[in-house]
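**Q** Just need the structure, nothing else, for what follows:
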Amino acid sequence: KEIGRKTEEFNSDSNSFICVTYYSERRLELTLIIKKHMDINKLIEDYLKVVKIDIKPFTSCEIGLEQIGKSLFTAERKDYIYDCCDTLDKFGLGDVCSPHGISGSFGEVVIAGTNSKEKIYEDASNSFSRLTLVPELDRIYSKKGNKEIIAHPVHYFFNTDNEEIRKKWNRILVEALYQNNRVQTKRYSHAYVDGTPFTISIRDCKQMYEANVGGTVIIRIECSDADDDLVRGELDFIYEICRIIQEYKNKVLTVLTFTKGSAKTKDMIKENLINMSFVEIEEDLSNAAQAKEYLKIKTRDHKIGWDKNLFNKIEEDQSYYSHELNTIFDDWYTSKIKTSVFPQYKDIETVKKENFENKNKGNAYQELEEMIGLQSAKRVIKKALDYHKAKKIFGEKGLNGESLSMHMIFTGNPGTAKTSVARLVARIFRDNKLLSRGHIVEVGRGDLVGKFVGWTAPTIQKKFSEAKGGVLFIDEAYSLVDDRDGCFGDEAINTIVQEMENHRSDVLVIFAGYPDKMQKFLDKNPGLRSRIAFHVPFEDYSAEELCDIAKLMADHRGMKLSDGACEKMTEIFEIAREQKDFGNGRFARNILDSAQMTQATRLINMDYDEVNKSDIQTLSAEDIEMPAMLSKVEKVSIGFTS
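**A** Below you'll find the model as predicted:
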C-alpha cells in the first residue's frame, strides 16, 4: 500500500504512467504506459527512487493491449495502484482493455526483437516485393526529412492474395518506420472488414484507432467487388471506416490490404480518402529462374535437400505468384517426405487430382447452367466453348483454318451477373484445357490508364502478364474512351489491341459494360472490334427470375419466403423493371435486405414466447415493402391514366 501511495503521487504527468506489477526479493516487474517518446531508463530510475526500491540492472520490452489490462488488474489486486480502470481511462484505453484482454473485435501484434537495416532489406527482397517495397524502404531510410517530427506523409495499400507475404510486409514496414521515428511503437492492431458490422463494428474501429495513436492500424478489406456491388448498408459502413481513417490520418498510420480482385472496392475507398497519399505495395511476379531460386530457399528453410522433381511444374515462359510457388513446393515436399524421408510409405497410394478429373471436369460449366436466367449468354458461351474445343480436338483431322480469338464482350445492365459469369468462364476454359491457369484479373480504367505520359502502356503490359493463362476482365470498358482524341484513354485502347494480339492464345480478354456505351467503345478502334470474336448479351431478368434469385439468396441466409412474400415481390419487380437501371439482381438483394429489417421490427413487437423457429426463418408478405422511389413512380402513373 505504501508503494501504491507513492505510485499515485509520482504519476502526475498525463503523458506517462508507471507502476509495480510484481515484486519479490529476486525479481521486480514494472508496467509503463507512454504517450510520447521519452527516456524510459530515466523514468524508471526516478520512479524506483520514489518508491525506494534499489535494483539493477533492468531490461525493457514492449507489451500490447492484451497484456496491459491484465498487468494493471494484477497491480490493483496487490494494492500497487488504486484503480486500474481509472488509469486505463486516463489514456483512452478503458473501453479497449480489460482484465481478460482486448475488449474490441480486432487483433494485435507486438514485433519482438530488433532487426538490422540490412536484414529488413533482405527480408523485403525475399518477400516478392523488390519493385515496390524496396524502393519505399529507400524513402523511409532516406536522411531527408526531420526525424524529430513524427508524422505520416503517406499511408499504404498492400495488394496480395498471400497471407504469409502480407504478414511479412506488415512486420518489415512497421519495423522500418519505427527505426526511423515515423511511428512510436512496434505494436500494431489489425482488423478484418468485409463490408458488414459482423467483422468489426464502427465503435470498435474508433476505439482501435484511439488506442493506436502514434502507432499503426492495418485493415484487411475483403468486400464484394465489380458486379457484386456493395448494398446500401455495406456502403455506409465503409464510408464510416473511411471517416475514422481521415480523422486519425495525422495521428495513426493506416495500412489497407486488398486482394487482387478488389480494384473497384479500392477505387471506392480512395474516393472517400481525399487529401491522403498512399504508397501501393504490390506482389512481384517471378520468372522461371526466380521461381526456382525461391523454391530452393524453401528447401533450406525446411532443412531438406532439393531434387529436379521440385522444378517439374516450372515453365520457362511462365510467371508465378508466391502462393502458386508455395503450392508447388507443398506438393513436392509431401511426396519427398513420403518417398525419401519415410520410404516405408512410398508404396501407399496418393490421392491425385487426375483420379477425379473426369468426375470434376465441367463443374464450373454446371454452375453456369444452374444460374437463373441468362439464356442468351449461356448459348453464346457454349458456342465459343464448342468452337475452341473442336479446333483443339479435331485439328489433326483436318479442321484447320485461322482460329478465332477467344476474346469476348459482355453487354448488359448492372446486376446481370456479368462479373460472376466472367469468373466462371475462366474456370470453364481451364477445365477444358483452353487456359492453363483459369484465374481472373479484374480491372477498371484506374488500373490501366497512367497518370503521366508513358505510364499507360507499361501498366497494361503488366496486367496482361498477370492474366497470362487466364482471363483479363475489363469492367466498364467504355470509360477508357476519352472525349477528345490523343488522350491517355486512346493510348490504353491501342495498347490493349496490341497486347490482345501478342497474347492471342494465352489471355482471354473480356470487356464489360452497358450495351449503348460499349458500342461507342468499339467504334473508337476498328482493330479492337475485329479481335473480339464473341458478343455475349446479358438481358434484364424477368420478374419471375428476380423472385427466384431472391429465393436463392434467402436460402443462402437460412431463410425462406412465404407464398404471399413471393407474390408481393413479383409485383414490385414488375414495376421496377420499367425503370431505367433498376439494378436487376442487386435490386432483388436490396428488397431482401429491407425485408429482413422489417421482419426484425415485427418480431421484436411479438410476444417472445409465441415466436417459433419458423417465424424467425420465414419472410412473410407484410415484411416486403415497396421502395419509396417506386411508390412515387406508381402514384404518378396512376394519376396520368385516370
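**Q** Endpoint to endpoint, stretch 568-582 covers what distance?
**A** One end of stretch 568-582 to the other measures 17 Å (C-alpha to C-alpha, to the nearest Å).
**Q** tell me the mean pLDDT for that stretch?
**A** What stretch 568-582 shows for mean pLDDT is 86.
**Q** With stretch 83-100 instead?
**A** For stretch 83-100, the mean confidence score works out to 83.
**Q** how about the CA coordinates for that stretch, as CSV?
**A** Listed next in CSV are the C-alpha coordinates belonging to stretch 83-100 (Å, rounded to 0.1, in the frame of the first residue of the first chain):
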residue,chain,number,x,y,z
ASP,A,83,-7.8,1.8,-9.6
CYS,A,84,-6.7,0.1,-12.9
CYS,A,85,-9.8,1.3,-14.7
ASP,A,86,-9.1,5.0,-13.9
THR,A,87,-5.6,4.5,-15.2
LEU,A,88,-6.8,2.9,-18.5
ASP,A,89,-9.4,5.7,-18.9
LYS,A,90,-6.7,8.3,-18.5
PHE,A,91,-5.0,7.0,-21.6
GLY,A,92,-8.2,6.3,-23.6
LEU,A,93,-7.9,2.6,-23.1
GLY,A,94,-10.8,2.0,-20.8
ASP,A,95,-13.1,0.6,-23.5
VAL,A,96,-10.4,-1.5,-25.2
CYS,A,97,-8.5,-3.2,-22.3
SER,A,98,-9.9,-5.4,-19.7
PRO,A,99,-8.5,-7.9,-17.1
HIS,A,100,-9.3,-10.6,-19.7
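**Q** Could you tell me the phi and psi values at Lys6?
**A** Main-chain dihedrals, Lys6, degrees, to the nearest 10: phi -70, psi -30.
**Q** What's the separation between the nearest residue to it once chain neighbours are set aside and Tyr320?
**A** Nearest residue to Lys6, sequence neighbours excluded (C-beta to C-beta, 6 or more residues apart in numbering): Val51, at 4.9 Å. Bear in mind the C-beta positions are built from the backbone N, C-alpha and C, glycine included. Val51 sits 59 Å away from Tyr320, going by C-beta to C-beta, to the nearest Å.
**Q** more neighbours, these two?
**A** A count of neighbours by other C-beta atoms under 10 Å puts Tyr320 above the other of Val51 and Tyr320, at 24 against 21.
**Q** give me the beta-bridge partners of the more buried one?
**A** Ser286 (DSSP bridges).
**Q** check contacts around it.
**A** Neighbour list for Tyr320: Leu285, Ser286, Ala291, Ile314 [criterion: C-beta atoms under 8 Å, 6 or more residues apart in numbering].
**Q** got the buried residues for stretch 132-149?
**A** Buried residues in stretch 132-149, defined by neighbour count with 16 or more other C-beta atoms under 10 Å: Thr132, Leu133, Val134, Glu136, Leu137, Ile140.
**Q** Map the structural domains onto the sequence of the protein.
**A** Using automatic domain parsing, the domains assigned to the chain come out as 2-103, 109-282, 288-350, 363-396+406-538, 543-641.
**Q** and stretch 623-636, average pLDDT?
**A** 67.
**Q** which element follows the particular helix or strand that has Asp236 in it toward the C-terminus?
**A** Element membership for Asp236, per DSSP states H and E: helix 232-247. On the C-terminal side of helix 232-247, the closest following helix or strand by DSSP H and E is strand 253-258.
**Q** tell me what that following strand is packed against?
**A** strand 155-159, helix 163-179, strand 216-221, helix 263-271 (3 or more C-beta pairs under 8 Å, 6 or more residues apart in numbering; DSSP states H and E).
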